[in-house]
Structures are given as structure tokens and as C-alpha cells.
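Participant: Fold the following and give me the result.
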Amino acid sequence: TSEIGTVDVYLGKRVARNLMLMCYEGTLGEDASQRTVDLSGDLGAIGRVLVDGSSHRVHLDLKGVIYSVAAVPTHSMALLSVSDKGAKISAVTDEMLVLSPCEQQTQREQLL
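Facilitator: As a prediction, this is how the structure comes out:
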């Protein structure tokens with residue numbers, strides 16, 4: 001038999017609204033290492049934001065790989081931290097950043 005329980009959800013005094021969820025848009029043709037962004041064990045600066053002043057496009061250089069960035073509106077999402085004492089909402093967002101690898105070498109060189 002399974003038991004149904006409850007967990008209290010708390011809203012903290014400060015809820016971060018300056019966090020963004022990033023979604024990597026890989027393709028099925030790539031090998032598995034190119035379909036994911038592995039940040040395990042990383043600490044400190046791992047990339048930089050690049051803004052093309054002429055086209056106003058935003059790119060992200062993440063661990064040496066340059067991605068095109070598109071901000072996409074989503075349904076509201078919350079970051080929920082769960083512990084023995086309950087669950088706490090620590091961040092809320094309604095946008096997601098979709099990362100797509102830059103495919104053209106000339107485009108990469110121009111950004112750098």
C-alpha cells in the first residue's frame with residue numbers, strides 16, 4: 001500500500017526574479033557529448049555574455065562553445081527546495097533562454 005502525505009510549501013521573504021532557466025537545443029545527429037552541457041565540478045566564471053552591437057543579438061560563450069540565445073516566454077516556473085521541514089520557493093521566472101550552438105565558424109570569429 002502507498003501512503004499519501006503532505007508537504008508544506010513556503011514562500012520566502014525574498015524570491016529571486018533575476019534567475020533564468022536555460023535550455024540547450026541539441027540535435028539528434030550529434031554524439032551524446034555534444035547534446036548536453038556538463039557543468040558538474042565547475043566553479044567560478046565558466047563563460048561570458050556576448051552582445052553583437054550591430055544586430056543586437058545575444059550569444060553565450062559557455063566553456064568555449066558559443067551559443068545563440070533566444071528568450072522565450074513560458075508558463076510561470078518556480079525553483080522549489082525540498083527538505084524534511086517542507087518546501088521553499090526560492091525563485092520564480094516566466095522566461096526561458098534557449099541555447100543553440102553557433103554553426104558558422106565566421107560568425108564565431110566575428111563575436112570573438
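Participant: list the buried ones in stretch 16-24?
Facilitator: Neighbour counts over stretch 16-24 (16 or more other C-beta atoms under 10 Å) mark Tyr24 as buried. The way it works is simple: take the backbone N, C-alpha and C, and place the C-beta from them, glycine included.
Participant: gap between it and the chain center?
Facilitator: Distance, stretch centre to chain centre, for stretch 16-24: 5 Å (C-alpha atoms, centre = their mean, to the nearest Å).
Participant: where are the low-confidence patches of the chain?
Facilitator: Within the chain, the segments meeting pLDDT under 70 span 1-2, 26-36, 103-112.
Participant: One more pass at 80, please.
Facilitator: For the chain, the stretches with pLDDT under 80 are 1-4, 19-20, 24-39, 52-56, 102-112.
Participant: The residue most central in space within it bridge partners, please.
Facilitator: With distances taken as C-alpha atoms, centre = their mean, the chain has Met22 as the residue nearest its mean C-alpha position (1.9 Å). Note on Met22: beta-bridge partners by DSSP bridges are Leu97.
Participant: partners of the longest strand along the chain, with directions?
Facilitator: Under DSSP state E, the strand in the chain containing the largest number of residues is strand 65-83. Strands that pair with strand 65-83, judged by DSSP bridges, come out as strand 57-62 (antiparallel), strand 86-101 (antiparallel).
Participant: Could you measure from the residue nearest to the centre of the chain over to Asp42?
Facilitator: In this view, Met22 and Asp42 are 14 Å apart by C-beta to C-beta, to the nearest Å.
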